[in-house]
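Peer 1: coords please:
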Amino acid sequence: MPTQDKKGNIPNNSAFRIPHSAFPNPVLFVGAGPGDPELITVKGQKALMDADLVIFAGSLVPEALLQWTRPEATSLSSASMTLEQIIEAIAAARSAGKRVVRLHTGDPSLYGAIFEQMAELQKREIPYKVIPGVTAAFAAAAALGIEYTLPEISQTLILTRMAGRTPVPQNEDLASLAKHQASMAIYLSISMIDDVAGILADSYGEDSSCAVVYRASQPEEKIIVTRLKDLAEKVKTEKITKQALIVVGKTLEVNANDLVYKSKLYDKNFKHGFRK
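Peer 2: From the prediction side, this is the model:
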């Protein structure tokens, strides 16, 4: 464990990064969940109820999540804010002794752009802590009634996105990942549905099952289950252009009547430490 000075700072050459969560009144990065206000964690809900300032990702986090805040709390949408403006607002609130929540959609560790905010807070010696949330891939699985990791069907789930204005590393492009034929949930890519459908069809086969879940867990939720060869057309027909997750994998094709391989966990002939 790296050594810290009296303020909790870690030397710049340290290979470790430790948030200052042990220090008083840390900024709380909170995962809002996929959209349903009741799918925020209990800890996240309590953080919102205690907050004096909530800066929420207004382009993705429904304002219904703000129902957990106190009437006197201030809420700011970060949709039009720059990184510098967000950090200045946080710093000003903490200087005034206020409790700050930075509310991100889903789980903040996934496409949340939180590390750049953490880096700025560390430079200013402002402590912070992260409260995880439910990401859209799991809300989508719940809506579809599927398990991503069925025994002997798929034991791997890939969470990824297509390269767009933000590039992805060359060895993580969608075509490379699709070759594994694992369960896959694709974020931030519905606007490139023609390219996505073509790439997936090359590896999974054009007759393979796939799904799109629009605004999972929210009142506007919409589910499309189809074949890869029809995916792009179905998405365009439904006029889905954003806030949708694309799901593909063999577990989508397994129904109750076809289930052959079952978990050893509940197999009466399988012994383990809790069952002889």
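
Peer 1: List the contacts of the residue nearest the centre of the chain.
Peer 2: Nearest to the mean C-alpha position of the chain, by Cα atoms, centre = their mean, lies residue 135 at 3.5 Å. If you count contacts by Cβ atoms under 8 Å, 6 or more residues apart in numbering, residue 135 has them with 31, 34, 106, 107, 110, 159. C-beta coordinates here come from the backbone N, C-alpha and C atoms, glycine included.

Peer 1: Going by neighbour count, which of these comes out on top?
Peer 2: Within these, residue 34 tops the neighbour count with 30 neighbours, counted by other Cβ atoms under 10 Å.

Peer 1: which SS class is the nearest residue to it once chain neighbours are set aside?
Peer 2: Setting aside the residues directly before and after it, residue 34 is nearest to residue 139 in space (Cβ to Cβ, 6 or more residues apart in numbering), at 3.7 Å. In the three-state summary, residue 139 is assigned as helix, counting by DSSP: H, G, I helix; E, B strand; the rest coil.

Peer 1: How much space separates residue 139 from residue 43?
Peer 2: According to Cβ to Cβ, to the nearest Å, residue 139 and residue 43 sit 18 Å apart.

Peer 1: where does the stretch 1-150 of the chain dip in pLDDT?
Peer 2: By pLDDT under 70, the low-scoring segments of the stretch 1-150 of the chain are 1-23.

Peer 1: Which of residue 139 and residue 43 has more residues huddled nearby?
Peer 2: Neighbours were tallied for residue 139 and for residue 43 using other Cβ under 10 Å; the higher tally belongs to residue 139 (23 against 13).

Peer 1: pretty sure the more buried one is in contact with residue 217, am I right?
Peer 2: Yes - because the distance of 4.4 Å satisfies Cβ atoms under 8 Å, residue 139 is recorded as touching residue 217.

Peer 1: Identify the contacts common to the two.
Peer 2: Here residue 139 and residue 217 have 33, 34, 35, 36, 39 as joint contacts, going by Cβ under 8 Å, 6+ apart.

Peer 1: now those in JSON lines, with distance to residue 168?
Peer 2: Formatted as JSON lines, the entries for these read as follows, by distance: Cβ to Cβ, whole Å:
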{"residue": "33", "distance to residue 168": "25"}
{"residue": "34", "distance to residue 168": "23"}
{"residue": "35", "distance to residue 168": "25"}
{"residue": "36", "distance to residue 168": "29"}
{"residue": "39", "distance to residue 168": "28"}
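
Peer 1: Just put the residues you listed in a markdown table and tack on distance to residue 197 and secondary structure.
Peer 2: A markdown table is the format used below for the shared contacts of residue 139 and residue 217 (distance: Cβ to Cβ, whole Å; DSSP: H, G, I helix; E, B strand; the rest coil):
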| residue | distance to residue 197 | secondary structure |
| --- | --- | --- |
| 33 | 28 | strand |
| 34 | 23 | coil |
| 35 | 25 | coil |
| 36 | 28 | coil |
| 39 | 29 | helix |
